[in-house]
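Enquirer: I would like to see how this sequence folds:
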Amino acid sequence: MSSPVPASPAAPHRADLVVFGGTGDLAMRKLIPALYHCDRDGLLAPETRIIAMSRGGLADSDFRGKVDAEVRGAVPVEDPQVWARFLGRLHHITVDVSAEGGHAAHPGWGELAALLSGHEDRDRIFYLASPPMTFGPFCRDARAAGVVTPRSRVVLEKPIGRDLLSAQRINDEVGEIFAEPQTYRIDHYLGKETVQNLLVLRFANAFLEPVWNSLWIDHVQISVTETVGTPGRRGYYDHAGALRDMVQNHLLQLLCLVAMEPPARNDRESIRDEKVKVLQALRPISGTEADRFTVRGQYTEGPGMPGYLDEPASTPPTAASRRVETFAAIRAEVRNWRWAGVPFYLRTGKRLPTRRSEIVVQFKDVPHSIFPGGSPNRLVLRLQPSEGIHLHLMAKEPGTGEVALRPVPLSLDFASAFASRVPDAYERLLLDVMAGNPTLFMRRDEVEAAWRWIDPILATWEASGMPPEPYPAGSAGPASAHELLARSGRAWHEEETA
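Expert: Next up, the predicted model:
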């Protein structure tokens, strides 16, 4: 029997990608490098253009020079001709958009309309790499300038608001111009290879499903920890904090993918439907339960590292600075038949000992052990620093005499297993936007369901009047975060394996 002929890859979609905030940190560190890699790999159509919008007052040549100076050293440029081709895609438009809007008469909008004119047959993507309060005004100004077409899409960076009410307002404002199928709310964690492989691991392999429930799983840990602090970003972080910045989006998205039921199909809505059901099943946390099941902390001075209040910033610390959390931990529960009684521990923080993003699924111990020294199996899905999947099993140590057990990982490291570069999450997600595939993006009801769960925790913290628990920079976080697990005889993953 002859082998099946693989399907030919789809032709790249022709698109004009307009990046508002196109000279900012996100664009220069993530979006521009990701688009270059897509171009290098032949995934951008020859006609595709990248148009940065900012207040920078740059000509096209100035912007290309800025990218050449700041980005080229951060990406592997093997072929100068490919790099030159990529730079030729770049344009810059100077425009002003404020939180109030009403700037459609700014000359930059006319320049953008002229640049886009005659190319209405291309997909037109507006990527808003800007603060959320500008999302609605930008969309209104874009419509007033006549640059929104039926083939337009808009990409919204997190966070979508500060709470449920502000998220609903932003969604309403954007929804006046862009229909829900045209709106892509991005969370770059959903583009990571390990996250994609979590879906494949669960739903393309038969051996896990029978044990993926409360009968066999003791608990789940989801951690995103960072060694860096907030130098230069305190103004933003004062008004965001770890709960809004990381838990409401990144960590809850990972929880959904672990806990969701198998979707009927791998299509654009079935997966998102199942994620919403998980968020709706989360046990509410408020009042005294917030004291028992949540922890918030703020790093203080540590060995060779400043405290949060002493980080370099353009303004001195305020009352908000003293109240904001740089660390958050939560004991969550999903109230359904599959997960009843299984705690999900969520944790994120800055100035911690290691940079790590991982999901740890801790299985229950064997019902009756005939060997001393065993420990429960665990499945570790590492998102960073090196993406991979590790299943820890008990094995016998080589040698004669008494049986000695040791946990041994069966490991899948993506970079070595597939002998290729692991694409950045933004590469996958940008290509999905251009292809019109919203599967890995958040739907409006998904964002708002997450805020409905987060809001009572925020309200309880703010009403308490208590400052966050201090922890030294470089330490493992507040003592209460360790007590959160220790009360039930558990410990964070790195403590058990240290």
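Enquirer: for this protein, which spans come out with low pLDDT?
Expert: 1-10, 98-105, 314, 400-401, 414-422, 495-498 (pLDDT under 70).
Enquirer: tell me the domain boundaries of it?
Expert: Annotated domains of the chain cover 15-157, 190-420+443-497 [automatic domain parsing].
Enquirer: How many neighbouring residues does Arg292 have?
Expert: 12 (other CB atoms under 10 Å). Placement of C-beta: from N, CA and C, glycine included.
Enquirer: Also Pro132?
Expert: 20.
Enquirer: before we move on, what about Met246?
Expert: 23.
Enquirer: Then Val224?
Expert: 22.
Enquirer: ok, now Asp365?
Expert: Asp365 has 12 nearby residues by other CB under 10 Å.
Enquirer: Wait, a strand at it?
Expert: No. Asp365: not assigned to a strand; according to DSSP: H, G, I helix; E, B strand; the rest coil it is coil.
Enquirer: phi, psi of it?
Expert: phi -70, psi 160 (degrees, to the nearest 10).
Enquirer: Surely it touches Gly374?
Expert: Yes. Taking CB atoms under 8 Å as the definition, Asp365 is a contact partner of Gly374 at 7.4 Å.
Enquirer: for this protein, longest helix please?
Expert: Under DSSP state H, the helix in the chain containing the largest number of residues is helix 444-464.
Enquirer: which other helices and strands contact whatever helix or strand comes next after it?
Expert: Next helix or strand after helix 444-464 toward the C-terminus (DSSP states H and E): strand 469-472. Secondary-structure packing of strand 469-472 (3 or more CB pairs under 8 Å, 6 or more residues apart in numbering; DSSP states H and E): strand 294-300, helix 479-486.
Enquirer: partners of the shortest one, with directions?
Expert: In its sheet, strand 294-300 lies beside strand 327-333 (antiparallel), strand 469-472 (parallel), with partners assigned from DSSP bridges.
Enquirer: between the first one and helix 479-486, how many degrees?
Expert: Calculated by axes from the mean of the first three to the mean of the last three CA atoms, to 10 degrees, strand 327-333 forms an angle of 20 degrees with helix 479-486.
Enquirer: returning to that earlier point: compare the strands paired with strand 294-300 and give me the one nearest Leu251.
Expert: Ranking the strands paired with strand 294-300 by proximity to Leu251 (CB to CB) places strand 327-333 first, at 8.4 Å.
Enquirer: now that closest one: how far from the chain's centre is it?
Expert: When C-alpha coordinates are averaged (CA atoms, centre = their mean, to the nearest Å), strand 327-333 and its chain have centres 17 Å apart.
Enquirer: Please render the helices and strands packed on strand 469-472 as a markdown table that adds distance to Glu70 and mean neighbour count to the earlier fields.
Expert: As requested, the helices and strands packed on strand 469-472 are arranged in a markdown table below (distance: least, CB to CB, whole Å; neighbours: other CB atoms under 10 Å):
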| stretch | distance to Glu70 | mean neighbour count |
| --- | --- | --- |
| strand 294-300 | 29 | 25 |
| helix 479-486 | 37 | 17 |
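Enquirer: Same list (these) but as a markdown table, adding distance to Arg322.
Expert: Output for the helices and strands packed on strand 469-472, formatted as a markdown table (distance: least, CB to CB, whole Å):
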| stretch | distance to Arg322 |
| --- | --- |
| strand 294-300 | 8 |
| helix 479-486 | 18 |
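Enquirer: Those: which one's closest to Trp339?
Expert: Closest among those, using CB to CB: helix 479-486, at 17.5 Å.
Enquirer: Convert that closest one to PDB, retaining C-alpha atoms only.
Expert: The C-alpha trace of helix 479-486 is given here as PDB (Å, rounded to 0.1, in the frame of the first residue of the first chain):
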ATOM      1  CA  ALA A 479       5.400  32.100  54.000                       C
ATOM      2  CA  SER A 480       1.700  32.000  53.600                       C
ATOM      3  CA  ALA A 481       2.000  30.600  50.100                       C
ATOM      4  CA  HIS A 482       3.800  27.500  51.500                       C
ATOM      5  CA  GLU A 483       1.200  27.200  54.300                       C
ATOM      6  CA  LEU A 484      -1.500  27.200  51.600                       C
ATOM      7  CA  LEU A 485      -0.400  23.800  50.600                       C
ATOM      8  CA  ALA A 486       1.100  22.600  53.800                       C
END
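Enquirer: Can you get me a residue count around Thr288?
Expert: With other CB under 10 Å as criterion, Thr288 counts 8.
Enquirer: Please apply the same query to Ile454.
Expert: 21.
Enquirer: The one 4 residues further on too?
Expert: Each residue near Leu458 was counted by other CB under 10 Å, and the total is 19.
Enquirer: what's the nearest residue to it if we skip its chain neighbours?
Expert: Leu243 (6.3 Å; CB to CB, 6 or more residues apart in numbering).
Enquirer: Next, the one you found: phi, psi?
Expert: Taking degrees, to the nearest 10 as the convention, Leu243 sits at phi -70, psi -50.
Enquirer: in the helix or strand containing Tyr237, what's buried?
Expert: Using DSSP H and E, Tyr237 sits in helix 234-242. Under the neighbour-count criterion of 16 or more other CB atoms under 10 Å, helix 234-242 has Arg234, Tyr237, Asp238, Ala240, Gly241, Ala242 buried.
Enquirer: and the very next helix or strand once past that helix, what does it pack onto?
Expert: Remark: after helix 234-242, the chain's next helix or strand is helix 252-259, criterion DSSP H and E. Applying 3+ CB pairs under 8 Å, 6+ apart, one finds that helix 252-259 contacts helix 193-203, strand 217-225, helix 270-281, strand 343-349, strand 356-363.
Enquirer: Recalculate using a threshold of 7 Å.
Expert: helix 193-203, strand 217-225, helix 270-281 (3 or more CB pairs under 7 Å, 6 or more residues apart in numbering; DSSP states H and E).
Enquirer: quick one: the longest one to helix 444-464, angle?
Expert: Regarding helix 270-281 and helix 444-464, their directions subtend 30 degrees when assessed with the same axes, to 10 degrees.
Enquirer: outside of helix 270-281, which residues touch it?
Expert: 252, 255-256, 259-261, 263-264, 334-336, 439, 443, 445-446, 449-450, 453 (CB atoms under 7 Å, 6 or more residues apart in numbering).
Enquirer: how does it look with 10 Å?
Expert: 190, 199, 203, 252-253, 255-265, 267, 333-336, 338-340, 344, 438-443, 445-453 (CB atoms under 10 Å, 6 or more residues apart in numbering).
Enquirer: Hey, what's the angle from that helix to helix 252-259? Just curious.
Expert: Using the same axes, to 10 degrees: helix 270-281 against helix 252-259 is 100 degrees.
Enquirer: Helix 270-281: which residues count as buried?
Expert: So for helix 270-281, counting by 16+ other CB under 10 Å, buried means Ile271, Arg272, Asp273, Glu274, Lys275, Val276, Val278, Leu279, Ala281.
Enquirer: now the angle from that helix to helix 193-203?
Expert: 90 degrees.
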